[in-house]
Structures are given as C-alpha cells and as structure tokens.
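J.: give me coordinates for this.
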Amino acid sequence: MDGSTLRRASWHRGRDARNARLEAGAKVAKGKIVEMRDATHLLEAVMRPDDLVCLEGDNQKQADVLSAALLAADPAKVRDLHMVQSGVVLPEHLDLFERGIARKLDFAYSGPQSARIAAMLFGGKIELGAVHTYLELFARYFIDLTPNVALIAAESADRDGNLYTGPNTEDTPTVVEATAFKDGIVIAQVGQIVDKLPRVDIPGDQVNFVVETGRHFFVEPLFTRDPAAITEGQILTAMLALKGIYAPYGVQRLNHGIGFNTAAIELLLPTYGERLGLRGKVASRFALNPHPTLIPAIESGWVEQVHCFGSEVGMDAYVRARPDVFFTGADGSLRSNRAFSQTAGLYACDMFIGSTLQIDLQGNSSTVTTSRVAGFGGAPNMGSDPRGRRHPSAPWLQAGREADPDSAPLLRRGRKLVVQIGETFGEKNAPLFVEKLDALALAEKLKLDLAPVMIYGDDVTHIVTEEGIANLLLCRDVAEREQAIRGVAGYTEVGRARDAAMVRRLRERGAIRRPEDLGIDPLDADRGLLAAHSIKDLVRWSGGLYAPPAQFRNW
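T.: Alright, predicted model coming up:
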C-alpha cells in the first residue's frame, strides 16, 4: 500500500464518526423525530467525552429544553464537554459544570449569570478558554472550535427537519453551518411539528434530529428598558451626546448598546433632537435589535431602516406592521441574524455608543469586575475601528482628520466613532473610572495570557459623562488622553486627581467640552423631554402593536 492510499484511507474519519453517532441516535428516534421524554437518551447516544458542544445559549434565545435534557445526562456517559456557546444565560448552563458534564468554556456573554460565573471561575470550577466577541467566537466555529454537536432552538419544524426560526433566528444559521458541514450532529428543539412551515430558515438536510417540546423556547427581553426608570442624569448624558457628537459628525449609520443612557437618546430624538433640527441628519439607519424605546423615533419618521441581531419580546406585531423599516420575510415576521448584523455594525456603521462598568486611564473598558463576569457580547465588534474598511463617509473622514490632521488626505485612514457613555458613579455607587481594571485581577488569578478587556482604549474616540465629553481624537499624547479622561471623571478618585491646568487647556482646545460649552443647562435635563414616560406610553405610540412582557406591565 503506497503513501497516497494510506492518506486516502484516513480521509473519512470524521464522516465515519458522525455516521456512528447517527446510528446510535436513530435507536431513540422515529426518522428525525425524537419524543421529548427521550431527549436525554438521545444526547447520551450521540455525545462523546471531551466533545465540543454548542448550546443555544444565544444573546436572547435559549434551547432551554435541550439544556435541561443535557443536565439530566449520566456523567458517566457524557462528561468533560467543552462548551462553545455565545451566551451563558440559564442556570442550567452553569449547573453542567457543577455536575462534571462540562469542563471547559469558551463564550461571549453571560448577562444574568455574571455573578455566578465569576464565582465559579475564581473558584476553579470552570476551565476558561476565552471570553470572546460574538464574531470572534463564530469565526472560531469554522477554524478550531468546530462543534461536534449543536443543540439549537426553532419555532417549528416539518417532518423532514426543515426549520422555521421566526423572528429569533439569531445565531442559528452560523452554528448549523459550522456543525452540519464538518461532520457534526445538529439537534433542534421546536415548539411544534407542522405539515407546512411559514418559511424555511434552516433546510432539513442540515438537521439530524428534532425534539418537539409543545411550547415556545425561552427568550430573554434583554433590550427592553422602561422609560419610567430613566434618570435625569441619563437624560443629560443623552443631550450631550446628541448635541456634542451626533450633530457635529452627522452620524446617520450607527449601533446603540444596551442601557438606559442609549434608551434616553432614542426617546430624545423626537423631542430634543427635533428641537436641534436633526431629523434626517442623524440616527436614520441602525444595526440594532427592535428596541421598544425606538418606537417613538420610528413613528416620528426619524428611522429609515433597522437590521436586527435578534428580536425582542412583544415587538413581533409591531415589526410585522413596519416592513419599510425592518427586514421581514414573506411570512411577515422579522428575519434576524446575529453574524450578519455584527458584520454590518462593524463595517457599515459610523458609530457605536454604549456603556461599560469600568474605564481606566488609557480608556480601556471592561464589564469584568471582581464580582461579575458579564462577557462582552458584540460590543468589541461594534466598538472597534475596523482597519479593513475602505468606503468613505462624512463622519468617518471627519474623525480621521481629527485624529491625524497632518497626513495626506487621500491616504488618511478614517476612524469609526466609538463612544462610551455613562455616569461617573454607577450601580451601588461604584465608580465608572478606575486606576486599574478588575479584568487584570481575573487574568492574574486564572493565569490568563490576556486580560478580558472589552474595548481597547486606542479604539475609543469619545467618553460622555454628566461632566461633559472627552474627545480623545484631539489628544496628541498619552498624558493628554489621561487628563481628558480624568477631566470627565467627576468626583471619583480618578477625577479628583486631575491636573487642573492641563484640563483647562484641553477644554480650550475642545478636547473636553462641558455642558455649558455646548449651550446645555443641566437643569433642562428633565424627564419631560422624553417622548415616552412609561411602557404604556410606548404601547400607545405603537398603536397598540407593542405587547410588552408581563414583568413590564403595571396597568
């Protein structure tokens, strides 16, 4: 047997292993259909120790029935799994590590489990691969974290395994693509099995087994912010952002991060933004989930188009009724896609504006603290300067001129606007600004090669607090950047250590702009400026189409 024959003989190992898994799984299935009571037996049949497993585990959508089924598996049969999932959201996701079913974790976002995952990481109960951005983790699915098994969720399926994901497509196409075309097993939980689907989102030849649950999968209303909870401080930062950044740069294409500061901006567009004469000049095209607080701006004619990472609970009917704004299928429902929208936010948007938990003197920011590891989600993709970008736009070119005024115009690289917005003291009076990020303590404790920084300081162009705006593009060295940051850090320890003379010079140059420099009276930051003052107001703006989750109803 020559060398060529030997090589050919080993080229089907992955296919042979997949076929063996399929054969084992077929013993508990009727065709592709598996009864819910047999879901755990199916997982025990198709999984192997040390498998890479992608469990949805998205930003919002959760394969909750399959999560419970995996947790019920016999650790003697299913153990030491390497979980590669974008979101660690349900308690079961971490219970897997307590039981020894899972050992290692690569993830992007942990939201509701941020405190518990921090304790487990510091306690050595989870072997951490890395905290990723969404696009980064998706990319690794196709390179070195390709799932052996993917556990996904969809609205419905037919008996051939074709799937309808409805408005919450999210990560599903990316997960399935990587798994199905590299000899992996794809298992979907669906609410029901039907004769004909509204549309086919995932073709059946990429799906191996379907578990009918008889109910809808869990979706977290992650992007719902009650206008009643927006503070006057957040309204002030929103006013500063609109007048001091949106207006002078003419930002039309953008992404808003999660939070009350950006919700305030959305609710000021039809009021304060209208007063500034900005309609048609800013905030018309978004890479953004269907935020309920965006409804007044849509209804007022501000927003032309929105492409969504995922959906939002209660927004289905509203989205269906506004196809000119949202991307919808022939069935009328939203078609979301996290990978596509992340790419749009990275390369097609001129600005990202969002919040964080800590910012250091270089402008590095992180949502990792000693008590919480919230992950990053898409913020590092949205909040980074994409050096592969080649198309110009007015905001991009203006930011590039400010950062590098002396270079040749035709060779000058533009800059994406990356804005961090927040109040100097956050939840439980924790300071936003710190001398040293807690992310460094986590890296030292876990002996990581890289501290989990969410957005690197050299990508950040502006920081907005109630004290004003620091324009880091206009800072010419490290010392100026540090003092610009200290200059908007208020009465935190970082702010109190400012060099008053340098801060004054930076203000004279426009690198720091106080509210009075922009003609804004902080006393005008009143809740009366908000286009909606409650969830009920948002329902009225929507013409009754928005159906908020029960926890947000108080009428």
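
J.: what about the closest residue to residue 337 other than its chain neighbours, which SS state?
T.: Excluding the flanking residues, the one nearest residue 337 by C-beta to C-beta, 6 or more residues apart in numbering is residue 169, at 5.5 Å. Every residue, glycine included, has its C-beta placed from N, CA and C. Per DSSP: H, G, I helix; E, B strand; the rest coil, the local secondary structure of residue 169 is coil.

J.: surely residue 169 meets residue 339?
T.: No. In this structure residue 169 lies outside contact range of residue 339 using C-beta atoms under 8 Å: 10.0 Å.

J.: give me the more crowded residue out of those two.
T.: Neighbours per residue (other C-beta atoms under 10 Å) separate residue 169 from residue 339, with residue 169 holding more: 29 against 19.

J.: show me the contacts for that one.
T.: By C-beta atoms under 8 Å, 6 or more residues apart in numbering, residue 169 lies in contact with 201, 310, 335, 336, 337.

J.: make it 6 Å
T.: For residue 169, the contact set (C-beta atoms under 6 Å, 6 or more residues apart in numbering) comprises 201, 336, 337.

J.: which one of those residues sits closest to residue 464?
T.: Of all those, residue 464 sits closest to residue 336, with 28.6 Å by C-beta to C-beta.

J.: how many other residues sit next to the residue nearest to the closest one when sequence neighbours are not counted?
T.: Ranked by C-beta to C-beta, 6+ apart and with sequence neighbours excluded, the top spatial neighbour of residue 336 is residue 308, at 4.3 Å. Look at residue 308: counted by other C-beta under 10 Å, it has 28 neighbours.

J.: report the contact partners of residue 308.
T.: By C-beta under 6 Å, 6+ apart, the contact set of residue 308 is 289, 290, 336.

J.: isn't the second one right up against residue 312?
T.: Yes. Taking C-beta atoms under 6 Å as the contact criterion, residue 290 and residue 312 are neighbours in contact, 4.9 Å apart.

J.: just give me the closest of the contacts of residue 308 to residue 531.
T.: Using C-beta to C-beta, residue 290 comes nearest to residue 531 of those, at 16.5 Å.

J.: so what's the residue count around the residue nearest to that closest one when sequence neighbours are not counted?
T.: Nearest residue to residue 290 in three dimensions, chain neighbours excluded: residue 315, at 4.3 Å (C-beta to C-beta, 6+ apart). Using other C-beta under 10 Å, residue 315 has 28 other residues around it.

J.: just the pLDDT for residue 315.
T.: Residue 315 carries a pLDDT value of 98.

J.: any idea how far apart the tips of stretch 180-196 sit?
T.: End-to-end distance for stretch 180-196: 23 Å, by C-alpha to C-alpha, to the nearest Å.

J.: buried residues in that stretch?
T.: Applying a neighbour-count criterion of 16 or more other C-beta atoms under 10 Å, the buried positions in stretch 180-196 are 180, 183, 184, 185, 186, 187, 188, 189, 190, 191, 193.

J.: was I right about the first one contacting residue 187?
T.: No. Counting by C-beta under 6 Å, residue 180 does not reach residue 187; the two are 11.2 Å apart.

J.: all helices for the stretch 301-450 of the chain, in order.
T.: Applying DSSP state H, counting those that start in this stretch to the stretch 301-450 of the chain gives helices spanning 316-320, 338-347, 379-382, 394-403, 438-446.

J.: tell me what the second one is packed against?
T.: Right, helix 338-347. Helices and strands touching helix 338-347, by 3 or more C-beta pairs under 6 Å, 6 or more residues apart in numbering; DSSP states H and E, are helix 134-141, strand 285-287, helix 379-382.

J.: can you rerun that using 8 Å?
T.: Helix 338-347 sits against helix 134-141, helix 172-180, strand 285-287, strand 305-307, helix 379-382, with contacts defined as 3 or more C-beta pairs under 8 Å, 6 or more residues apart in numbering; DSSP states H and E.

J.: just put these in TSV and tack on distance to residue 62 and mean pLDDT.
T.: Below are the helices and strands packed on helix 338-347 laid out as TSV (distance: least, C-beta to C-beta, whole Å; pLDDT from 0 to 100):
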stretch	distance to residue 62	mean pLDDT
helix 134-141	16	97
helix 172-180	12	98
strand 285-287	23	98
strand 305-307	22	98
helix 379-382	21	91
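
J.: any shared contact partners between residue 180 and residue 187?
T.: Common neighbours of residue 180 and residue 187, using C-beta under 8 Å, 6+ apart, are 150, 207.

J.: three-state assignment of residue 128?
T.: Following three-state DSSP, residue 128 is assigned to strand.

J.: can you get me a residue count around it?
T.: Counted with other C-beta under 10 Å, residue 128 comes out at 17.

J.: please apply the same query to the one 10 residues further on.
T.: The burial count assigned to residue 138 is 22, neighbours taken as other C-beta under 10 Å.

J.: could you report the pLDDT at the residue nearest to residue 336?
T.: What the model reports as pLDDT for residue 308 is 97.

J.: what's the nearest residue to residue 179 if we skip its chain neighbours?
T.: Once flanking residues are discounted, residue 179 sits nearest to residue 150: 4.0 Å by C-beta to C-beta, 6+ apart.

J.: are we agreed that residue 506 is in a helix?
T.: Yes. Secondary structure assignment (three-state DSSP) places residue 506 inside a helix.

J.: could you find the closest non-adjacent residue to it?
T.: residue 512 (4.7 Å).

J.: okay, and the beta partners of the one you found?
T.: When assigned by DSSP bridges, residue 512 has beta-bridge partners residue 470.

J.: out of the helices and strands packed on helix 338-347, nearest to residue 76?
T.: With C-beta to C-beta as the measure, helix 172-180 is the member of those nearest residue 76 (25.2 Å).

J.: quick one: the closest one to helix 134-141, angle?
T.: Counting by axes from the mean of the first three to the mean of the last three C-alpha atoms, to 10 degrees, helix 172-180 lies at 20 degrees to helix 134-141.

J.: what's the angle from helix 172-180 to helix 338-347?
T.: Using the same axes, to 10 degrees, helix 172-180 lies at 110 degrees relative to helix 338-347.

J.: and after helix 172-180, which helix or strand comes next?
T.: strand 185-193 (DSSP states H and E).

J.: in terms of secondary structure, what does the next helix or strand after that next one contact?
T.: The C-terminal neighbour of strand 185-193 among helices and strands, as given by DSSP H and E, is strand 209-212. If you count contacts as 3+ C-beta pairs under 8 Å, 6+ apart, strand 209-212 packs onto strand 33-34, helix 39-46, helix 64-71, strand 185-193.

J.: quick check: neighbours of strand 209-212 in the sheet, parallel or antiparallel?
T.: When DSSP bridges is applied, strand 209-212 pairs with strand 33-34 (parallel), strand 185-193 (parallel).
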